[in-house]
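Q: okay, here's the prediction I keep looking at, along with the sequence it came from:
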Amino acid sequence: MDSQLDHFRLEDTRVTRRYFDKFKAITGHLGRVAGVMEAEKRLERTEVDVIARYLLGLNITFRALAHKYHFAGRWAHAGNLTFDRVESGFPVFSELMSMANDALQAERHLAGMRAPDELKDAMIRSIVGDLEIPTKLQFALSQRLYYEELVKGKLFWARNDPQAIWLGNEGTRRRFLVHWAVYDSVVNLPQIYLMEVEDTGRIGLPKDERRWPEVQQHLMAQAVGGLKLLTIARGFDEDFDDLHPKRLRRFHVGPMYSHAYTRQAGPLREVLAAARAPEGEDWALVWTEEDLLAERAEQVSSGWFGRVERQVFALDPFAGRGPDTGATRTERAIILPERPFQALSELSPPGFADVRKFVVTPGGRVLSYR
């Protein structure tokens, strides 16, 4: 048990491997969910490509961690994965920070290790010649595979700095999709940001050596799950007079619920308990999208004689929730296999009528329900 009661260390080899197998299946389905959202015209092709790259990076991150902890519980020095079993179901933020540090030294570690084929040959000799289980060699191979994944790159890191994609011009204005992602350190969840920006600067934003580093630093400093989108968008609008944020979205990947692993309270835990789903189908993943739109622009005074454009953002008008959410709309979805979906339909807990359900079939298809 970690010093924090909501953090838990997986110290059993079988349980650790099942945990990673579960996430391998879940992250594999997320790309298909994004494809369904594109088919429903809720995401553009460019946006799907961006989100899919982050989801693929998340898959690679879990694969790397699975190699790192492949012998947890079987080898004294293998270490143990710590995950947040109450808030998110995901590994804690410090796991990704440790992985980032390992990545800086990965090539040096690999230089001092035997090649995979050499390790496998040594394993065979140990099994056949010495009649021993080559645990130390197996552990060495798992660590080599871990460092190889880090060297290949393309993982989902604790910080994934902003990138910009040109979307074309709107008159004399360049349009960009700026995207970035973080692994939130408070709730231990991946968060993906997409911002549509109109650029009236002299040089296109990604090529502007003055503005682009400043924009990247600004956005990463504001990439905190506790900040409302309205706060982030207004701050950006006020700090950059020639960049005009027209839309800002944030996607929260998780929490993940599992009757076998997590201890979250609420209806989903009851649903998974009632489903009695077999191993591999005992899960549900929440997917939340926050969306903030600029409804118009206005000219305001700047300095003694200047005028600059500022955005006026549309807030959710229903039940006075706009100022509380800081978004134009918030849409929640849940991704789950068929058995938990059946249990959810039968129990019909309050609050789930307007939640979109993405149901994963045994064949891997993703079906969308309201």
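A: Yep, that arrived. Residues are numbered from 1 along each chain as shown.

Q: now do the longest strand seen in the chain: which elements does it pack against?
A: In the chain, assigned by DSSP state E, the strand with the most residues is strand 284-302. Packing contacts for strand 284-302, counted by 3 or more CB pairs under 8 Å, 6 or more residues apart in numbering; DSSP states H and E, involve helix 13-39, helix 229-239, strand 243-257, helix 267-275, strand 306-314, strand 329-337. Every C-beta, even on glycine, is put in place using the N, C-alpha and C of the backbone.

Q: please identify the deepest-packed of the ones you listed.
A: A comparison of the helices and strands packed on strand 284-302 by mean neighbour count, using mean count of other CB atoms under 10 Å, puts strand 243-257 on top with a mean of 22.

Q: could you dump that strand to PDB, C-alpha only?
A: Taking C-alpha atoms only, strand 243-257 is exported to PDB below (Å, rounded to 0.1, in the frame of the first residue of the first chain):
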ATOM      1  CA  LEU A 243      -3.800  35.200 -32.300                       C
ATOM      2  CA  HIS A 244      -7.500  34.600 -32.000                       C
ATOM      3  CA  PRO A 245      -8.800  31.400 -30.400                       C
ATOM      4  CA  LYS A 246     -12.100  30.500 -32.100                       C
ATOM      5  CA  ARG A 247     -12.600  27.100 -30.400                       C
ATOM      6  CA  LEU A 248     -11.000  25.200 -27.600                       C
ATOM      7  CA  ARG A 249     -11.700  21.600 -26.600                       C
ATOM      8  CA  ARG A 250     -10.400  19.300 -23.900                       C
ATOM      9  CA  PHE A 251     -10.800  15.500 -23.900                       C
ATOM     10  CA  HIS A 252     -10.500  13.600 -20.700                       C
ATOM     11  CA  VAL A 253      -9.500  10.000 -21.200                       C
ATOM     12  CA  GLY A 254     -10.800   8.200 -18.100                       C
ATOM     13  CA  PRO A 255     -11.400   7.300 -15.300                       C
ATOM     14  CA  MET A 256     -11.300   3.600 -15.900                       C
ATOM     15  CA  TYR A 257     -13.500   1.500 -13.700                       C
END
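
Q: what is the orientation angle of that strand with strand 284-302?
A: Interaxial angle, strand 243-257 versus strand 284-302 (axes from the mean of the first three to the mean of the last three CA atoms, to 10 degrees): 160 degrees.

Q: just the element for the residue positioned nearest the centre of the chain, please.
A: In the chain, the centroid-proximal residue (CA atoms, centre = their mean) is residue 190; its distance is 3.0 Å. If you go by DSSP states H and E, residue 190 is part of strand 189-199.

Q: strand partners (parallel or antiparallel) of that strand?
A: Strand 189-199 sits in its sheet next to strand 173-184 (antiparallel), strand 243-257 (antiparallel), going by DSSP bridges.

Q: and the shortest one, which residues are buried?
A: Pointing back at strand 173-184 there. Buried residues in strand 173-184, counted by 16 or more other CB atoms under 10 Å: 174-184.

Q: what angle sits between that strand and helix 229-239?
A: When the same axes, to 10 degrees is applied, the directions of strand 173-184 and helix 229-239 differ by 130 degrees.

Q: can you list the strands that the longest strand of the chain pairs with?
A: Paired neighbours of strand 284-302 in the sheet (DSSP bridges): strand 243-257 (antiparallel), strand 306-314 (antiparallel), strand 329-337 (antiparallel).

Q: please spell out which residues along the strand holding residue 190 are buried.
A: By neighbour count with 16+ other CB under 10 Å, strand 189-199 contains the buried residues 189-199.

Q: tell me the one of the buried residues of strand 173-184 nearest residue 82?
A: Closest approach between these and residue 82, by CB to CB: residue 183, at 13.9 Å.

Q: for that closest one, report the pLDDT, please.
A: Residue 183 is assigned 96 on the pLDDT scale.

Q: from residue 202, how far off is residue 311?
A: Using CB to CB, to the nearest Å, residue 311 is found at 21 Å from residue 202.

Q: how about the strands paired with strand 189-199 in JSON lines, adding distance to residue 361?
A: Formatted as JSON lines, those follow (distance: least, CB to CB, whole Å):
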{"stretch": "strand 173-184", "distance to residue 361": "29"}
{"stretch": "strand 243-257", "distance to residue 361": "19"}
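
Q: ok so, going back, quick one: which of the strands paired with strand 284-302 is nearest residue 42?
A: Closest approach to residue 42 among these (CB to CB): strand 329-337, 8.7 Å.

Q: for the strand holding residue 190, give the mean pLDDT please.
A: In the prediction, strand 189-199 has an average pLDDT of 97.

Q: just the CA coordinates of it, formatted as CSV?
A: Coordinates of each C-alpha in strand 189-199 appear next as CSV, following Å, rounded to 0.1, in the frame of the first residue of the first chain:
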residue,chain,number,x,y,z
LEU,A,189,-5.5,11.0,-16.3
PRO,A,190,-4.5,11.8,-19.9
GLN,A,191,-6.0,15.1,-21.2
ILE,A,192,-5.9,16.1,-24.9
TYR,A,193,-6.4,19.8,-26.0
LEU,A,194,-7.4,21.0,-29.5
MET,A,195,-7.5,24.8,-30.2
GLU,A,196,-8.6,26.4,-33.5
VAL,A,197,-6.7,29.7,-33.9
GLU,A,198,-6.9,32.4,-36.5
ASP,A,199,-3.5,34.1,-37.0
